[in-house]
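Engineer: Here you go, sequence then predicted model.
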Amino acid sequence: MDSKEVLMKVEGVSKFYQMGEVTVAALKDVSLNIYQGEFVVILGPSGSGKSTLLNILGGMDLPSEGKVVMEGEEITNYSDRKLTIYRREKIGFVFQFYNLMSNLTAIENVELATEICSDALNVNEVLEAVGLGERKDHFPAQMSGGEQQRVSIARAVAKNPSLLLCDEPTGALDFNTGIKILSQLKRINKEYNKTVIIITHNMPIGAMADRVIKMRSGEIIETKVNDNPIPPEGIEW
Amino acid sequence: MVMKRLDVRLLRLIKHSKGQFFSISIMVIIALTIYISFNMVADNLYNSIYHYYEETNFSDVFIEVVRVPKTAIDKLYTIEGIESAQGRISADVPLRVEDPEEKVRVRIVSVPNEDKIINNLYKIEGKDLQVDSKKTAVLQQFSDARGIVLEDRVRPYIAGREYPLEVISIVGSPEYIYLMENEQSLIPAPEKFGILYVTEDFAQSALGYQGSYNEIMVKINPEYYNSVDNIVDDIEDQLDRYGVKSIVKREDQLSHSMMMQEVEQLEAMATSITLLFLIVAAIIINIMLSRIVKNDRMSIGVMKALGYNNISILMHYTKFSLAIGLLGSIIGIVLSIPLSAAFTNLYIFYMNIPMFEMTLYEKYFIYGIVLTSVFCIISGLIGARSVLKILPASAMQPEIPKAGHRIWLEQIKFIWNRISFSWKMVIRNIFRKKKRAIFLILGIALTYSITMVPIFMSSVWGNVFMIQYGKYQTMGYNIDFTIPMNDSVIREISQLIDVDSIEPKTEIPFELRNGWKKKAVSVIALPENTSFYYFESMSGQELKLPTNGILLSDRLAKAIGASVGDDILMKSFLPDGDDTYINVKGVVEQYLGTNAYMTIDTMNELIGEKGLITGVLLNSKDDVVTKLKDVKNVKQVQSVEDMKNSFLEFMDMMIYSVGVMMIFGGILGFAIVYNVNVISISERVMEFSSLRVLGFDKREIYKMVSRENGIMAFFGILIGMPLGYSMCKGMIASLAMDMVTIPLIIENSSYVITAIATLSFVIIAQLATVRKIYRLNFLDALKNRIS
C-alpha cells in the first residue's frame, strides 16, 4: 500500500470546542494518510469525531492544532477565499440528508455545483451514470430518497473533484437502496478513479473498503487494510 | 446565455413568495411613480410658467399709486436697470348679472397703447382689442366659470353707471394664472371675480383718469436682477409724491407666489412620499430577507460546501430585493408617464397656462432607478448579512432551538394569573419577536398618523371658519366705501337698512417696518370698545384695543420680526403722508388674513384727519346686499355668508386630496401588516402544525394571529395619536401661507375616525393572509423537518 501515491496527509490534528467553561476535544492528535484512488471507510459511533474530521478534510472547518496537506499544499493555513476555492475544485460532498435545493430540478442541482468549477464533467453523462437520465428534470420532492441521494452523488462527482467525502450516505435510506448507493460509490471509485472516504457508524460497510479506520472519542483506535474487499452487494446489515 | 442556476433558484424563490414580492413591489412602484411624475410635473409647470412669462413679457415690479401722469412714468427710465415701464388703470367694480342677489366683481384693467406691452394678453379666441372703446377681452377662467362667450355683452357698473361691453376675445394673462381677488381670499372663485381688459381710452374716461394712471408695470433688465431692491427704493423715492400704495416685486405677486408654492409643494411631496414608501419597503425587505436566509440556512451551508463564496451567496439574496427594486422601477416609470400627463392636464385645467409643455425628463427615470436600487441593495445586504455568519459545517446540523424564557409580565402575578391560556400564548408570541413587534406597532402608528393628517385637515377648516367668524369677528357684513366719508354716514345707513348694530371702521394700507423687515398690510381702525372684533393673545388672553398703540396679527409680527413693546415704523402710502413710529401693544391670533389694529382715534391722529371713516361693520337681518347695491360711494358689501359659500367650495376641493392621502396611508398600513403577518406565519409553520396536531382548528389559530395583531394595533394607535398630532403640526408649518394660519385644533372625532380607518386597514391586510393559514398542510410541515 505504501507504494501508492499519497493524496492527503493529516498530521497531529486536534479540534477543541469551548462549551461554556469546559473545553471539549472532538479530535485528539489524529494523523493519517489518504492514498490516491483509495476507498476508505471511517467507522465510529456518534460523538467519535468522525464528522469533525470529515469537515476538516473537506475544508469546511479548521483544526485547532495540526495540519492537513492536500496534493502537497497545506490547506490548514489557507485563507477563507482559498478554502472556498479548495472546496470548489478539489472536494465533492455527499450528505446524509442529500441537501438538495428543493426549488431546483435534479439536473439544475448538479449544474449548480458544476458551473463554478473549472474542470467539470458532462452533467448529463454523470446523471446517466447514476441511473437518473430519465429523471433529471424532476424536483427533489418528486423523487425517492435513493434517487435524491443519487442526485447528490452526481452533484459531487460531476465537479470532478480529487476527493469524494460521504457523510453517512446510507443513513437515511432503507437497506436495499443503501446497497445500491454504495454500489454507485464503488463504481465511481473504480470507473472514475476517484478517492472516496465514507464515514458511517454502520460496521458491515467496512467490508467493502480498501482500508477501514475505526475511531472512538476523537481518536483513531484501529486502522485495518482490507486486501480483499467484498462487493457491496455482498454486505448485509 | 444559460441562466445561472442560482438565478434560476432565485426566480423560483420569488415565485414561491409572490404575494410578498408584489406587495413590496407595489410600495416601490408608488414611491417611484410619485417621485418621477411629481418631479416631472413640477419641472413642466415651472418651465411652462417661465415660458409663458417670456411670451407675455411678464412684469418684474408692480406699483400701485393714487394717480400718476404719463410724464412721471417716462421719467422712471432714468433709473438704471429699468428696461421699460408702462402705466395702466385698474379698478375693482361690480358686474351686473341676471340674478340681482348674486354679487360678482370684476377688475377693469386697461391695456397700454404700446408696442411691446408688459403683461401682454394671451389670446385664446377672438380678435385683438381695438381702439373701439365698447369692447372688452375677458379672462378665460372668468368666462369659463360664468359661461361668457364671444359677442356676449358684459355690464360693469362704474361710478354709478352701467357700461355694456361686447366681448371680442377670451384671453389668458401671466398675472392671473392663479386668479384671486386679493391676499385675503381663501381660494379662487372665478365665477365671483374676474378680469375685464379694456382700452386705455375707455378706462381713462369711465374711471376718470384722463392722461394718468394708477398702476405702473416695470420690466427690469436681466443684468440688474440682483439689484431689484435698490431699483425698488429708487422707484419709491421718485414716485413718492404720487402716493405710492404698494410696490410688489414679482416674487411677491399673488399669482406668481401661489404658482411657485405649488411647484415647491410638488417637489416636497415627491421627496417625502417617495422616501417614506422606500424606507418602509426597505424595512420590510430587510425583515423578509433575514427570514428567508434563516429558513435557507441548510441550503446556504450546501452552497458553501460546494465552493460558493460569501459574496456570491450574499448577492443571490440581495438580488431578491434588487428584483423588487427593478420591477418597481420599470412599472413605476411606465405608470409615471401617463400619470405625469394626467397631472399635467389637471394643471392645464386648473391653472390656465395656455401653452403648457409636456416634456419627459429622462433624468428622473435614472435618478429613480438609482434611488430605488440603492435602497433595495442596502436593505437586501443588511437583511441577508447573516449569510456571512453561517458556517458550512454547522449549517448541516439542525439549528439549536432558541432558549425560551419568561417575560417580565409574568412577574406581575396579579395580572398574569388572570389571563387565559390562549391570551398568554398570544402575549408570549409578541414578546418573543420584540423587534418585529416594534416595527409592526410603529408601522401601524405611522399609518395612523398619515391617515390622521387628511382627516384633521378636512375638519380644521370648519374650525378656522368658526373661530375667525364666530369669535374673532362677529359682524355679519363688512362694507367698504369708495372714498373716505364723514362718520355721519352711519346714520344714513341706519336709516336705509334695519341694523341690529353698526360700527364705523377705517381701513388704510400702510407699510410696516421693523428694522430692515417690512410688510404692506391693511391697518384696521375700530372704535375702542368694538363689539365686532374680539382680540386674543397667542396664549388665549383677551386683549383690548390700546388707546395709543397698535395690535399686530401673529403672522404680521413674525413677518417683520416685531414683538410687544417694539416701536415700529408706519409708512404711509398717501401722497405726502408722514411716516410715524408706533408702539406694539399686543400680538393677536388671526387665522384668516394679515392685519394690524388700532382705534379710530389713533388712526385719525396718524393721518391728521377727523371724523373720516372708510367703511362700516354691521349686523342685520335685513337684505343688506340688495339695499346697498346701488347706493353711491358703497364700494363693496361683503357678507359672512359669501365667505361661507366660497369656503364650502374650498371644502369640496379638499375632499379629493384627503381621499388621495388616505389611500396612501391605507396602502402603507396594508403593506406593513400583510408582509409582517406573512413572514411570521411562514416562520411559525412548525408551531402551527404542532398546534393542529394537538387539536387546535384553523379558526383558533387564526384567532390567535388576530389577537396578536389586535394588541399591536392597539399600541400602534396609541403611539399613533401623539405622532399624528406632531405630523399635523408639521403639516401646518409646511403649509404656512401668507394669508391663512391653520390652528392645531384636533377634534376627538378625528382621533376616533382615524382609529377606525387604521383598524380597517389592519383587518383588510389580515384577511389577505387568511389563505396562508387555511392552506397550511400541517402533516407535510411536520414530516419535512429536513430539506
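Structural biologist: Cool, the structure landed.

Engineer: tell me which parts of chain A are close to chain B?
Structural biologist: With CB under 8 Å from any CB of the partner chain as the criterion, chain A meets chain B at residues A:55, A:58, A:60-61, A:80-81, A:84-89, A:91, A:93, A:95, A:97-104, A:108-109, A:111-113, A:115-117, A:140, A:155, A:159, A:167. For the C-beta atoms, the positions are set from N, CA and C on the backbone; glycine is no exception.

Engineer: Skipping adjacent residues, who's closest to residue 112 in space?
Structural biologist: Let's take chain A. In space, and not counting its chain neighbours, A:L112 is closest to B:R5: 3.9 Å by CB to CB, 6 or more residues apart in numbering or on different chains.

Engineer: wrong chain, I was asking about chain B
Structural biologist: Per CB to CB, 6+ apart, closest to B:P112 is B:Q86, 4.4 Å.

Engineer: So in that sheet, which strands flank the helix or strand hosting the one you found, and in what orientation?
Structural biologist: For B:Q86, the host element (DSSP states H and E) is strand B:82-88. Here strand B:82-88 has these sheet partners by DSSP bridges: strand B:212-220 (antiparallel).

Engineer: ok, and what's touching the strand it pairs with?
Structural biologist: B:57, B:59-70, B:73, B:76, B:81-91, B:110, B:118-119, B:204, B:228, B:231, B:235, B:239 (CB atoms under 8 Å, 6 or more residues apart in numbering or on different chains).

Engineer: Likewise for stretch B:42-57?
Structural biologist: Residues from elsewhere that reach stretch B:42-57, judged by CB under 8 Å, 6+ apart: B:58, B:116-122, B:173-174, B:177, B:219, B:256, B:259, B:262-263, B:266-267, B:270, B:340, B:344, B:347, B:351, B:353-359, B:361.

Engineer: So in the chain, which helix runs the longest?
Structural biologist: By default, I'm working from chain A. helix A:175-191 (DSSP state H).

Engineer: meant chain B actually
Structural biologist: In chain B, with assignment by DSSP H, the single longest helix is helix B:640-683.

Engineer: Would you check how far apart the nearest residue to B:K517 once chain neighbours are set aside and B:I550 are?
Structural biologist: Spatial nearest neighbour of B:K517, excluding adjacent residues (CB to CB, 6+ apart): B:I560 at 4.4 Å. According to CB to CB, to the nearest Å, B:I560 and B:I550 sit 12 Å apart.

Engineer: Spit out the residues that contact the two alike.
Structural biologist: B:I568.

Engineer: of those two, who's got more company?
Structural biologist: Counted by other CB atoms under 10 Å in any protein chain shown, B:I560 and B:I550 do not tie: B:I550 has more neighbours, with 26 against 22.

Engineer: now the residue nearest to B:P112, which residues is it bridged with?
Structural biologist: Beta-bridge partners, per DSSP bridges, of B:Q86: B:M217.

Engineer: Contact partners for it?
Structural biologist: B:Q86 neighbours (CB under 8 Å, 6+ apart): B:73, B:112, B:114, B:117-118, B:216-217.

Engineer: Would you quantify the distance from it to B:K116?
Structural biologist: Applying CB to CB to B:Q86 and B:K116 gives a distance of 9 Å.

Engineer: And the helices in chain A?
Structural biologist: Using DSSP H, helices in chain A cover A:50-57, A:80-90, A:106-114, A:123-129, A:145-158, A:175-191.

Engineer: what's next to the shortest one, contact-wise?
Structural biologist: Counting by CB under 8 Å, 6+ apart, the neighbours of helix A:123-129 from elsewhere in the structure are A:106-107, A:110-111, A:114, A:133, A:136, A:151, A:154, A:157-158, A:187-188, A:191.

Engineer: got it, and the first one?
Structural biologist: Surrounding helix A:50-57, the residues in contact under the criterion CB under 8 Å, 6+ apart are A:8, A:10, A:13, A:15, A:26-27, A:30, A:34, A:42-44, A:61-63, A:68, A:76, A:163, A:165, A:167, A:197, A:199, A:215, A:218, B:392-393.

Engineer: in stretch B:62-80, what's buried?
Structural biologist: Residues of stretch B:62-80 classed as buried by neighbour count (16 or more other CB atoms under 10 Å in any protein chain shown): B:62-65, B:68, B:72-73, B:76, B:79.

Engineer: Tell me the one of those residues nearest B:E511?
Structural biologist: B:E64 (11.8 Å; CB to CB).

Engineer: Against A:G92, how distant is the residue lying closest to B:V131 once chain neighbours are set aside?
Structural biologist: Nearest non-adjacent residue to B:V131, counting by CB to CB, 6+ apart: B:T199, 6.1 Å away. The gap separating B:T199 from A:G92 is 97 Å, by CB to CB.

Engineer: Show me which of these two is the more surrounded one.
Structural biologist: The neighbour comparison of B:T199 against A:G92 (other CB under 10 Å) goes to A:G92, with 28 against 21.

Engineer: tell me the contacts of the more buried one?
Structural biologist: A:155-157, A:159, A:161, A:163-165, A:194.

Engineer: low pLDDT regions in chain A?
Structural biologist: Flagging of chain A using pLDDT under 70 yields the residue ranges A:1-3.
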